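Participant: For reference, the sequence and a predicted model appear below.
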Amino acid sequence: MGNLVLVLVFSFGFLFSCQKHKKPLPNIVMIGIDALRPDHLGIYGYPRPTSPNIDRLAEKGVVFENAYSTAPFTLPSVISVYTSLYPSAHGISFDYFPSWERVEYLKENNLFQFLAQAGYQEVIFSNGWANALKHMLFNLKTDLEFKGMSGDARQLSDLAINWLDKNRSRKPFFMFLYYLEPHTPYQPPERYLEIFSFKQKRKRANLSFCLRVNRNRDLLEEDTLQELVNLYDAEIRYADEEIGRVINKLEEERLLDNTVIVIWADHGEAFQEHGYVCHSVKLYREFIQIPLIIYLPDNPSPGRRIKEYVSHIDIMPTLLELAGVDLPEKIQGKSLLPLIQGRVKREFKARKVFAELSYDLVYFPYSAFKPGFQKKRKKTAGPECKYVQSIISPPWHYIWYKETGREELFNLETDPEERENLVEKYPELAGRLREILKEHHRQNAQLAGVDVFGPPNKEADKEILKNLDREVINQLKSLGYLR
Ligand SMILES: [Zn+2]
């Protein structure tokens, strides 16, 4: 009898737990947009019509007003999104490979692997850098992929829409889309430029223009700067229209009732707020603040604005929680679901978010692993564009330039443009934040097996190269990382 009761209890328990997961797993569509700063989107208050489609989706979703990237350029920040680790903890930057042990760990412990294990059908259509990343370390399962470093938003959306037409099975799907617009070269189709400017002479601006401006510390004429902004805005509008086509397709297929959509950027973009253009060179707010918009079916509070400070590292745990996957122990991010649902906020109250720059990108990094590259580095935008670390402990943003020891402290609430350096006014606060920053990086270097703020570890690099698949090495060569 006792056994029977036990069996019944177990059966009920089992049934109940099945019941709990009866709701089908949601599809997940992740839409990355390279170098998109939030304040150029309507939903973040921009007055120009750059983003009607993203805005419409955001009105039904939740909008994070204080979301930050972990680094001001693609490679480390996107790997943070894939792994929920800060760059100095995953160890992947342009100057460094992490230890091989770390690579093995990252290959098994990333968003794509976790979702594949949870039964997701995965498809990645990626343009630009995020595409290159797949080949660097992750042996990802993909149905199809979009290769090429200079594709086009229209092609990307066509691939996504065709896939939704033909390949969708009964399994939940995870679609990863990565748009290169509005990254340089700014060269929007003419019809989009006409929305923002009819008369401008400059129809495109490429990366070498940015590098030249940053290297020479040129201050651009107001008209030139405005032309750049017009091009950038037109590129955003182009990406937005194409993203709108994908959203419409999801709607037509009646998938929006069971699909989570995440819109995010890998970093921001500067227009000489602190003398620089484009990205990669500093950690001021214009370089690291990103849009983060999450659309969920059955959202209890459509249009909710969330003010807590969040980071790239929080995206993976949020998606894993939605997919019913137990959160891995060794991640650094937190699931944003409590914030989205308006529940517990306590753990976010004292939240600190970090950003890092361990590479001087005044020179473009394609040739980072080529011999002789170190010599070229002498001509840079200055010592303070490398080995920079920052911590946001709201409302404070503290930036530490490791090479010169210089520090900056800004109050993001009273001085969001970061004009007044308060280090001398609050030396103790600055000292405390510096210590937190140092400890954070000490722990991360241990995790990564390499210190991305220290001298390059040539032995570790050799070990990595010895262990990489031949296919990956060929990819690295074709992308110019290796000779
Ligand atoms: Zn980028």
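Facilitator: On my side now, so go ahead.
Participant: low-scoring stretches of this protein, by residue?
Facilitator: Applying pLDDT under 70 to the chain flags residues 1-22, 94-98, 128-151, 168-169, 359-383, 455-483.
Participant: can we see that at 50?
Facilitator: 1-20, 135, 141, 143-144, 146-149, 361-379 (pLDDT under 50).
Participant: For burial, what's the neighbour tally of whichever residue of it sits closest to the ion?
Facilitator: Per C-beta to the ion, the residue of the chain with the smallest distance to the ion is Thr74, at 3.3 Å. Where you see a C-beta, it was placed from the backbone N, CA and C, and this is true even at glycine. Number of residues near Thr74 (other C-beta atoms under 10 Å) recorded here: 25.
Participant: go on, Asp326?
Facilitator: Counted with other C-beta under 10 Å, the neighbours of Asp326 add up to 9.
Participant: do the same with the one 4 residues further on
Facilitator: Using other C-beta under 10 Å, Lys330 has 12 other residues around it.
Participant: Can you tell me how far it is from Asp218?
Facilitator: To Asp218, Lys330 is 44 Å away according to C-beta to C-beta, to the nearest Å.
Participant: Over to Val103?
Facilitator: Taken as C-beta to C-beta, the span from Val103 to Asp218 is 40 Å.
Participant: Then Glu242?
Facilitator: 33 Å.
Participant: Please, where are all the strands along the stretch 151-300 of the chain?
Facilitator: 173-179, 259-265, 270-271, 277-278, 289-295 (DSSP state E, counting those that start in this stretch).
Participant: and if you look at the stretch 1-150 of the chain?
Facilitator: Applying DSSP E, counting those that start in this stretch to the stretch 1-150 of the chain gives strands spanning 27-33, 62-68, 121-126.
Participant: Can you check which of these gets nearest to Ile263?
Facilitator: Ile263 sits nearest to strand 27-33 of all those, at 5.0 Å, using C-beta to C-beta.
Participant: Skipping adjacent residues, who's closest to Gly303 in space?
Facilitator: Distances taken as C-beta to C-beta, 6 or more residues apart in numbering place Glu59 nearest to Gly303, at 5.1 Å, with adjacent residues excluded.
Participant: So what's the residue count around the one you found?
Facilitator: Neighbours of Glu59 using other C-beta under 10 Å come to 13.
Participant: for it, what are its contacts?
Facilitator: Neighbour list for Glu59: Ile43, Pro302, Gly303 [criterion: C-beta atoms under 8 Å, 6 or more residues apart in numbering].
Participant: domains of the chain?
Facilitator: Following automatic domain parsing, one gets these domains for the chain: 26-344, 353-478.
Participant: Out of these, which is the most enclosed?
Facilitator: domain 26-344 (a mean of 20; mean count of other C-beta atoms under 10 Å).
Participant: Get me the contact residues on the stretch 301-450 of the chain for the ion.
Facilitator: By C-beta under 5 Å from the ion, no residue of the stretch 301-450 of the chain approaches the ion.
Participant: Show me the helices in the stretch 301-450 of the chain, by range?
Facilitator: Secondary structure of the stretch 301-450 of the chain (DSSP state H, counting those that start in this stretch): helices located at 315-322, 337-340, 346-349, 373-376, 427-448.
Participant: Nothing else from me, thank you.
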